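# dropping the sequence and predicted coords here.
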Amino acid sequence: MKLQPLHLAVLTCSTLACLGSSRLFAQSDNPLEICIDYHCKHRSIVTPTVEEWATILKPFARPADTPGMERQQIKRSIAYFEQVVGRHTPTADDLLRNQGEDIPGQLDCIAESNNPRVYLQALFNKRQLRWHAPGQRVKRSTWIFNVHWAASLVEKAGGAQHVIDSWYGSNGQEPLIQPLQQWLNR
């Protein structure tokens with residue numbers, strides 16, 4: 001199974017007039033469409049502030065020398081994304097796995113596969129990813145009713161695929177990142 005990078009259109013400014021007095025290249029103008037409940041039934045638009053973007057991008061302050069180093073940066077950044085988004089949505093109360101379907105903001109693996117994909121695309125659009133590109137959502141199933149979804153990442157050189165699975169942790173914890181085949185084999 002070959003995963004293809006996800007590409008979204010990016011709107012950019014071509015003049016200095018686009019720079020606001022309190023904005024750094026309008027970084028806070030990048031809205032994120034986030035799942036906020038089971039099965040991604042409801043979404044919320046979150047637009048991080050300049051300060052929140054600074055926190056989210058902090059792991060990338062030094063360019064990664066290797067794909068493995070970049071995956072560590074991505075893990076930390078996704079944890080920061082979740083913390084920032086949790087300030088603006090009920091997802092701050094998201095518990096690990098599926099503990100509490102009736103709790104507002106509780107996410108299942110469907111939502112937990114969508115949100116990291118949104119975060120990866122934002123990092124990609126901001127040119128923070130040197131070694132990777134966002135991949136498609138992936139699923140594994142051992143039984144017809146035991147399906148599990150996660151986000152994926154594709155190495156630009158060679159196409160090695162990795163899974164980003166934030167379902168295993170509570171909001172703001174670093175997600176699991178592992179090679180796709182290892183994740184498929186559990």
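Now that the structure is in, tell me what you want to look at.
# ranges for the strands of this structure?
Using DSSP state E, the strands of the chain run over residues 32-35, 43-46, 132-134, 138-141, 147-155, 161-165, 176-179.
# what mean pLDDT does the fourth one get?
Model confidence over strand 138-141 averages 84 on the pLDDT scale.
# can you check the longest one too?
Over the span of strand 147-155, the pLDDT mean works out to 89.
# strands paired with that strand, and their directions?
strand 132-134 (antiparallel), strand 138-141 (antiparallel), strand 161-165 (antiparallel) (DSSP bridges).
# didn't L184 look like it was pressed against R140?
Yes - judged on Cβ atoms under 8 Å, L184 makes contact with R140 at a distance of 5.1 Å. Bear in mind the C-beta positions are built from the backbone N, C-alpha and C, glycine included.
# which of the strands paired with strand 147-155 sits closest to E174?
Closest approach to E174 among those (Cβ to Cβ): strand 161-165, 10.0 Å.
# just checking, S77 touches A61?
No - S77 is beyond contact range of A61, at 10.9 Å (criterion: Cβ under 8 Å).
# against N146, how distant is D93?
Between D93 and N146 the distance is 26 Å, computed by Cβ to Cβ, to the nearest Å.
# so between the two, which is more surrounded?
A count of neighbours by other Cβ atoms under 10 Å puts D93 above the other of D93 and N146, at 15 against 8.
# which residues touch that one?
G86, I103, P104, G105, Q106, N171 (Cβ atoms under 8 Å, 6 or more residues apart in numbering).
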